[in-house]
Structures are given as structure tokens and as C-alpha cells.
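Trainee: turn this into a model:
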Amino acid sequence: QVQLVESGGGLVQAGGSLRLSCAASGSPFSITTMGWYRQAPGKQRELVAVISSLGSTNYADSVKGRFTISRANAKNTVYLQMNSLKPEDTAVYYCNANFLSTTTWVKGDSWGQGTQVTVSP
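Mentor: Okay, the predicted model is just below:
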């Protein structure tokens, strides 16, 4: 199994920036896609950004041009740089990783515990 630990959330004023990090650890594995999702109160969890093992990225329209996803494959870590934050970006942000166990050769999917991002007006 793969464990994901997020960090970097917090409270920021509108227009400010935050950087989220998510580190993967656990049994021998090879991570394919990593991504960030968010869930605001009363809303469904939604995709924010994903990145493949080769660096291809995809973003939600609402964050394009403001957020940047990146990853350090050697560290099994994914980052989300969030700039020009808006109050509507307030949510719990979750890290996600799709992986292949290199011992059992079984595919898996893991989620982090979530980190709160609050943007004040």
C-alpha cells in the first residue's frame, strides 16, 4: 500500500499564494498519475490538477493560469503551487496517486488525509 502525506495548507488572503506538497511512501511501488482534488463544504470532490509520470498535466478550468502542478519523481512527491487565490478556492485539498506495486504487480489508488485551504476576502 502507498501512504500519502500532505502539507502546506493554511489561511491566506485573496490574491495570496500557497504551496501544497504530498509525499508518497510505503511498499515498493511505481507511481503513475498523481493529482490534487478539492472538496468545499456541501459540494462534491472535484479535480484540481493531475500530472503523469512523464509530466503531462491537466487542470480544471477554474484554476488554469493560477495553479501549477509539478512532481519530483525521485522523491515520489507532488506539489501544487497556488497563486492569485480566491475565496472560492477554499476547500479541503486531497492528494491522489495511482500506482503499481512492484512486488504484487497490482494496481492501486491512494488518497491523502486532506489539508485545509482557506482564502479570506
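Trainee: now the nearest residue to residue 26 once chain neighbours are set aside: how far from residue 107?
Mentor: Nearest non-adjacent residue to residue 26, counting by Cβ to Cβ, 6 or more residues apart in numbering: residue 2, 4.4 Å away. C-betas here are computed from N, CA, C, even on glycine. Residue 2 is 11 Å from residue 107, where distance means Cβ to Cβ, to the nearest Å.
Trainee: neighbour count: these two, which is higher?
Mentor: Comparing residue 2 with residue 107 by other Cβ atoms under 10 Å, the one with more neighbours is residue 2, at 19 against 11.
Trainee: show me what contacts the more buried one?
Mentor: 24, 25, 26, 27, 29, 31, 97, 99, 108, 110 (Cβ atoms under 8 Å, 6 or more residues apart in numbering).
Trainee: what are the bridge partners for the residue nearest the centre of the chain, then?
Mentor: The residue lying closest to the centre of the chain (Cα atoms, centre = their mean) is residue 36, at 2.6 Å. With DSSP bridges as the criterion, residue 36 is bridged to residue 49, residue 95.
Trainee: circling back to that earlier point, which neighbours do residue 2 and residue 107 share?
Mentor: Joint contacts of residue 2 and residue 107 (Cβ under 8 Å, 6+ apart) are residue 99.
Trainee: can you map out the strands along the chain?
Mentor: Taking DSSP state E to define them, one finds strands in the chain at 2-7, 10-13, 18-26, 29-39, 46-51, 57-59, 67-72, 77-82, 91-101, 107-111, 115-120.
Trainee: now do the same end-to-end measure for stretch 54-62.
Mentor: 24 Å (Cα to Cα, to the nearest Å).
Trainee: same question for that stretch, mean pLDDT?
Mentor: Computed over stretch 54-62, the mean pLDDT rounds to 96.
Trainee: kindly report the same for stretch 73-90.
Mentor: What stretch 73-90 shows for mean pLDDT is 96.
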